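Student: Sharing a sequence plus its predicted fold:
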Amino acid sequence: MAEHESNRISFTSEQARFLTSLVNRGRYRSVSEAVRAAVRLFQQRQAMLGAEIDRARSDIEAGSDQLDRGRGVDGGTFFAEWDAELEDLEKLENTFGAAPGASFPGRGEWEARTRRLRTRW
């Protein structure tokens with residue numbers, strides 16, 4: 001079992017009621033267990049954000065290297081290609097199921113590409 005360290009933390013009334021309700025509904029055995037679960041999720045989120053930042057830095061460096069080699073495109077061309085790719089992805093989703101969350105072959109790749117394109121700027 002993991003070693004635990006005791007710390008005193010404060011919650012707003014709303015947060016305290018929420019944590020207590022989780023325990024009362026049997027979701028967690030104690031408020032401490034609920035808070036540890038929340039901290040684990042926070043740690044995972046921070047790791048994902050760190051990976052996204054690293055990816056963005058790598059993309060920026062690669063783009064900068066391409067510009068240095070004269071391999072850049074003007075903004076209009078970039079956004080036209082970006083919009084076309086998003087349009088293609090949306091058509092692909094509609095082909096396999098218009099319902100949000102519908103499953104289709106390659107959905108994971110589609111979601112990753114869509115997320116990358118939509119968060120690029």
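Tutor: Okay, I see it.

Student: list the helices and strands the helix or strand where Glu87 lies packs on?
Tutor: Per DSSP states H and E, Glu87 falls inside helix 75-96. Helix 75-96 sits against helix 107-118, with contacts defined as 3 or more Cβ pairs under 8 Å, 6 or more residues apart in numbering; DSSP states H and E. From N, CA and C alone the C-beta is placed, and that goes for glycine too.

Student: how deep is Leu19 tucked in, by neighbour count?
Tutor: 20 (other Cβ atoms under 10 Å).

Student: And it, how far from Ser32?
Tutor: 9 Å (Cβ to Cβ, to the nearest Å).

Student: and Gly63, what does it touch?
Tutor: The neighbours of Gly63, taking Cβ atoms under 8 Å, 6 or more residues apart in numbering as the test, are Gly72.

Student: Sketch out the low-pLDDT regions of this structure for me.
Tutor: 1, 93-107, 109-110, 114, 117-121 (pLDDT under 70).

Student: biggest helix in it by residues?
Tutor: If you go by DSSP state H, the chain has its longest helix at helix 31-68.

Student: Could you pull out the buried residues of that one?
Tutor: 34-35 (16 or more other Cβ atoms under 10 Å).

Student: How far off centre is it?
Tutor: 8 Å (Cα atoms, centre = their mean, to the nearest Å).

Student: Show me how far the helix holding Glu87 is from its chain's centre.
Tutor: For helix 75-96 - counting by Cα atoms, centre = their mean - the centre lies 21 Å from the chain centre.
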